[in-house]
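Colleague: Have a look; sequence and predicted model below, questions after that.
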Amino acid sequence: MFLLKIAKEWIGTIAISFVLAMIVGIFLIQPYKVDGHSMDPTLRDGQRVFVSKLPHTFSYYPNYGDIVIIDSRVHRHRSFMDDVMDNPLFQLMGNNDDRTFYVKRVIGKPGDVLELKDHEVYRNGEPLDEPYVKEAMEQSDGERWVVPDGHIFVMGDNRNNSEDSRAIGFIPLDHVMGKKVL
């Protein structure tokens, strides 16, 4: 009888811990691992970062220059179940489907006009001061984008080795998983 009581207490404690960990991972903070070299030299392949989930939870725009985690599947709707399944606890239990998260830098917000000229990025006619960029872009000049409402435009710091908004398109606000804090 004594062992049954102890087992019930442990099960209760573990269940409460699981629920609290889920809440923290879905709504507040979550670790991510950088996969690839698109953010060189700022972030390295394999580096771990902690991401504030508050922009995602409260649907507000990150600032220009913020490093964000995005769900690159921009042509599909995200649901609350996506947020639950993206939680690290489910990843530990073997939920390793084809989800693709990218680490990128915010370059444009709704209404911004972005252009590539002289191997630099211009926002609303002004060249961006980007000391974090690895090297000059090899991409041809003349590309132009106008960021629509409810979206952002992101690019990697290693512009010549980055699959970003130039390739996948504008990022819906609900696909911004959070911004890097550590």
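Modeller: Thanks, I have the structure now.
Colleague: could you pull out the helices for the protein?
Modeller: In the chain, helices defined by DSSP state H lie at 2-23, 54-58, 80-85, 88-92, 165-168, listed in chain order.
Colleague: The last one - what's its average pLDDT?
Modeller: By that I understand helix 165-168. Rounded to a whole number, the mean pLDDT of helix 165-168 is 92.
Colleague: Please enumerate residues in contact with that helix?
Modeller: When contacts are taken as CB atoms under 8 Å, 6 or more residues apart in numbering, the neighbours of helix 165-168 outside the stretch itself are 72, 74, 104, 107-108, 139, 143, 145, 152-155, 171. The way it works is simple: take the backbone N, C-alpha and C, and place the C-beta from them, glycine included.
Colleague: Filter those down to the buried ones.
Modeller: Buried residues within those, defined by neighbour count using 16 or more other CB atoms under 10 Å: 72, 104, 107-108, 145, 152-155, 171.
Colleague: helices or strands up against the strand of greatest length in the chain?
Modeller: Taking residue count as the measure and DSSP state E as the definition, the longest strand of the chain comes out as strand 101-108. Using 3 or more CB pairs under 8 Å, 6 or more residues apart in numbering; DSSP states H and E as the contact criterion, the secondary-structure elements in contact with strand 101-108 are strand 67-71, strand 120-123, strand 151-155, helix 165-168.
Colleague: again, only using 6 Å
Modeller: strand 67-71, strand 151-155 (3 or more CB pairs under 6 Å, 6 or more residues apart in numbering; DSSP states H and E).
Colleague: Looking at the buried ones among the contacts of helix 165-168, which one is closest to Tyr61?
Modeller: Nearest to Tyr61 among the buried ones among the contacts of helix 165-168, counting by CB to CB, is Ile152 at 6.7 Å.
Colleague: before we move on, the earlier item: would you mind finding the most buried of the helices of the chain?
Modeller: Stretch with highest mean neighbour count among the helices of the chain: helix 165-168 (a mean of 18; mean count of other CB atoms under 10 Å).
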